[in-house]
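>>> build me a model from this:
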Amino acid sequence: MFAIIGIVVVFAAVLSGFLMERGHVTVLIQPAELLIIAGAATGTLLTANPMHILKKIVASLQGVVKGGMIGKERYLSTLKMMYQFLNKVRKEGLLSVEGDVEKPEESALFKSFPEFLKDHHARDFVCDTLRTAITGGVEPFDMDQMMELDMEVHHHEAMQPVLALSTVADSLPGLGIVAAVLGVVITMGALGGPPEQIGEKVAAALVGTFLGILLCYGVVGPLSSNMSKTAEEQNEYLHVLRVLLLSFLKGSAPMIAIEMGRRAIPARVRPSFDEMEKTCKNRAEPAAAEAAAA
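Residues are numbered from 1 along each chain as shown. So this is what the prediction gives:
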């Protein structure tokens with residue numbers, strides 16, 4: 001949502017300043033120039049990237065519009081889930097959660113946390129790690145190396161659409177110049193005509209440069225920057241899960257492992273220890289009662 005507001009502010013500020021200088025907005029409406037720039041930019045995007053990256057660009061842009069940032073509530077929910085999960089492992093052993101990690105969509109525990117289930121990368125990251133731990137014979141150091149490798153691969157893939165969109169942003173000023181040059185060519189062909197007509201054609205040519213620069217620094221560039229920050233937030237989230245899981249696999253008690261994970265949460269969204277303890281234990285008590293009744 002803030003991305004849309006920001007783009008609106010950019011265009012509103014530019015148009016307001018133009019109107020304050022007594023400019024005519026109709027001069028800026030040049031469909032041909034916009035077609036040249038937008039069409040050429042789309043063509044370069046299609047030429048430079050395979051289909052899977054194009055799909056990721058669309059998905060990432062949808063995420064930017066929705067504003068799906070990972071906040072304190074998401075981290076608290078994850079800590080609650082992992083506290084319940086690790087308590088079950090501690091009391092009943094790793095084999096007791098084999099069904100949960102093999103089919104997380106059917107797990108009663110995971111179903112209570114739909115946000116986690118929807119996040120395929122985080123879900124697979126946790127389940128694959130625990131599935132490997134269940135097989136046995138893997139040292140915590142090796143598990144940490146596997147989780148780190150998984151994070152690196154995911155982060156690399158998440159940055160591919162960002163780099164693709166950044167390349168398009170860098171090309172927009174040049175494409176604006178292409179549109180302007182074509183406008184000058186048309187203007188040269190109209191020499192000898194009325195001065196007003198020549199002036200209109202020169203103005204139309206200059207609008208091409210204006211649009212290329214505006215779209216680069218006011219729209220596409222900021223969108224790619226926002227996508228980059230979203231990818232970083234996802235990587236931070238996986239890092240918290242990595243620290244938490246590694247602590248437990250080394251033999252720490254569930255609450256200690258959860259506290260290790262909490263300490264890895266970025267300070268801007270990190271819950272306090274009291275918030276974490278209250279949230280985890282309030283949620284764990286009803287779960288324990290249900291398990292005892294069963």
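>>> now do the contacts for the spatially most central residue of the chain.
Closest residue to the average C-alpha location of the chain: Thr230 at 3.2 Å, with CA atoms, centre = their mean. Contacts for Thr230 (CB atoms under 8 Å, 6 or more residues apart in numbering) come out as Ser60, Gly63, Val64, Gly68, Met69. (Glycine included, C-beta is placed from N, CA and C.)
>>> from Phe85, how far out is Ala264?
Going from Ala264 to Phe85 by CB to CB, to the nearest Å gives 17 Å.
>>> okay, these two: which has more neighbours?
Phe85 (21 against 18; other CB atoms under 10 Å).
>>> all helices for the stretch 51-200 of the chain, in order.
Here the stretch 51-200 of the chain has its helices, by DSSP state H, counting those that start in this stretch, at 51-66, 72-92, 98-102, 108-111, 114-118, 120-135, 140-189, 195-215.
>>> out of the contacts of Thr230, which end up buried?
Among the contacts of Thr230, those classed as buried by 16 or more other CB atoms under 10 Å are Ser60, Gly63, Val64.
>>> closest to Lys80 among those?
Gly63 (24.1 Å; CB to CB).
>>> so which helix or strand takes in the nearest residue to that closest one once chain neighbours are set aside?
Counting by CB to CB, 6 or more residues apart in numbering, Thr230 is the residue found nearest to Gly63 once chain neighbours are left out, at 5.9 Å. In this structure, Thr230 sits in helix 221-249 according to DSSP states H and E.
>>> next, the angle helix 72-92 makes with that helix.
Relative orientation of helix 221-249 versus helix 72-92 (axes from the mean of the first three to the mean of the last three CA atoms, to 10 degrees): 20 degrees.
>>> low-confidence stretches in the stretch 101-250 of the chain?
Judged against pLDDT under 70, the stretch 101-250 of the chain has no low-scoring part.
>>> Ile256: neighbour count?
15.
>>> that one: what's it in contact with?
By CB under 8 Å, 6+ apart, Ile256 lies in contact with Ser247.
>>> recalculate using a threshold of 6 Å.
Ile256 sits next to no residue when contact means CB atoms under 6 Å, 6 or more residues apart in numbering.
>>> again, but for Gly261
So Gly261 contacts Val240, Val243, Leu244 (CB under 6 Å, 6+ apart).
>>> what about the nearest residue to it once chain neighbours are set aside, how many residues nearby?
Distance criterion CB to CB, 6+ apart; nearest residue to Gly261, sequence neighbours excluded, is Leu244 at 3.2 Å. Look at Leu244: counted by other CB under 10 Å, it has 27 neighbours.
>>> next: the one 5 residues further on.
By the criterion of other CB under 10 Å, Leu249 has 21 neighbours.
>>> sorry, back to before: can you add pLDDT and distance to Ile256 and give the contacts of Thr230 back as TSV?
Shown next, in TSV, are the contacts of Thr230 (pLDDT from 0 to 100; distance: CB to CB, whole Å):
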residue	pLDDT	distance to Ile256
Ser60	88	36
Gly63	83	34
Val64	84	37
Gly68	64	31
Met69	75	28
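>>> distance to Leu19 for these - can I get that in JSON lines?
As requested, the contacts of Thr230 are exported to JSON lines (distance: CB to CB, whole Å):
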{"residue": "Ser60", "distance to Leu19": "34"}
{"residue": "Gly63", "distance to Leu19": "34"}
{"residue": "Val64", "distance to Leu19": "29"}
{"residue": "Gly68", "distance to Leu19": "36"}
{"residue": "Met69", "distance to Leu19": "35"}
